[in-house]
Every structure is written in structure tokens, then in C-alpha cells.
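Colleague: missing the sequence, but the structure's below:
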């Protein structure tokens, strides 16, 4: 093998892998606003509720009743039994929810719920949705969410900053 092609392969492939890795890391956990008008396609939602009416909210599509939801917002974490980052994320999200009087954290296990994973376009766990008081998604993060971004989203969704609880 000539030296030039060997150098291109030897230096080019690691450089490409580095760029791809940096791009992946930059996107991982970023909280993005969701266009509430789009939602989950009706065909995907009807797969979750075959033969019945398609629920109007993301909370209903997940099977969450009013008692499970926060009155201001709900943090929904999609996880699986095999997710190594999910337990730590669950603890952090539960702690974050406790900073607000009207926010709850709910964990949805997708291990045996491929229908939900497909309907909500979950391609990695953890994936986090923020639901507003009306049960519709306002934001999502794929990967471990950036807590400062999630906190800012909760402030926007609830219309007020968090309330610190003093022991």
C-alpha cells in the first residue's frame, strides 16, 4: 500500500469519527421545544389504542390519568430495564420535580412497550418529555437531559420559577 492512501485512511477515519462523536455529544440531552400542533400522528396513536378513539393528549396516549400528572407540568421519562443511565436520570428528574410545587415526575418503562416507543419516536433511553398542564408535550430531550435547560423549560411551561423547599 502506498504511503499517501495509508495516511488518508489512518488519519482521516479517526478525524471523521471524532467529528461525528462531537456532533452526537452536542445533541445528546439537549432540550428542544415541541410543536404542539403536530403531536403524534393519528395512525401511530391508533396503533396504541386499536379500535378505540385516539386520545387527544400525550398524557392520555401514555395511559396517564389526572392523578399521575402535575398541575403545572409533568416530566415523563422513557426508560428500559437495560438502560444504564436511566436510574441516575430518574433520581435527578425526581429531585428536579420536587423543586416545584406543581410538577411531577413519571417513569414509563418501554422494555415491553414497543408500541409506545414507536408512537413517541423514542430511539434511545432515556428520552424525556415535558407535558404541560393540559397533558400535551411542550419539549423533549433524547439522552440524559441537561438539567439547566430542563429547569428553564419547566419555568416557561409552568409560567413561574421553581419554589425551593427548605428542610
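Modeller: In hand now; what should we look at? Just so you know, these numbers come straight off a predicted model, no measurement behind them.

Colleague: roughly how far apart are residue 116 and residue 15?
Modeller: Distance, residue 116 to residue 15, by C-beta to C-beta, to the nearest Å: 39 Å. No exception for glycine: its C-beta is placed from N, CA and C like everyone else's.

Colleague: who has more neighbours out of those two?
Modeller: residue 116 (19 against 9; other C-beta atoms under 10 Å).

Colleague: the more buried one reaches residue 122, doesn't it?
Modeller: Yes. The criterion here is C-beta atoms under 8 Å, and residue 116 meets it with residue 122 at 7.4 Å.

Colleague: against residue 110, how distant is residue 98?
Modeller: 24 Å.

Colleague: who has more neighbours, these two?
Modeller: Taking neighbours as other C-beta under 10 Å, residue 98 and residue 110 compare with residue 110 leading, 19 against 14.

Colleague: overlap of the contact sets of residue 116 and residue 122?
Modeller: 78, 110 (C-beta atoms under 8 Å, 6 or more residues apart in numbering).

Colleague: lowest confidence element among the helices and strands of this protein?
Modeller: helix 42-48 (a mean of 46; mean pLDDT, DSSP states H and E).

Colleague: who's in contact with stretch 75-93?
Modeller: With C-beta under 8 Å, 6+ apart, stretch 75-93 has contacts from 58, 62, 64, 96-97, 103-111, 116-117, 120, 122, 125-131, 143-145, 147, 150, 154.

Colleague: now stretch 146-165
Modeller: 29-31, 33, 72-73, 75, 92-93, 96, 98-103, 128, 130, 132-133, 138-139, 141.
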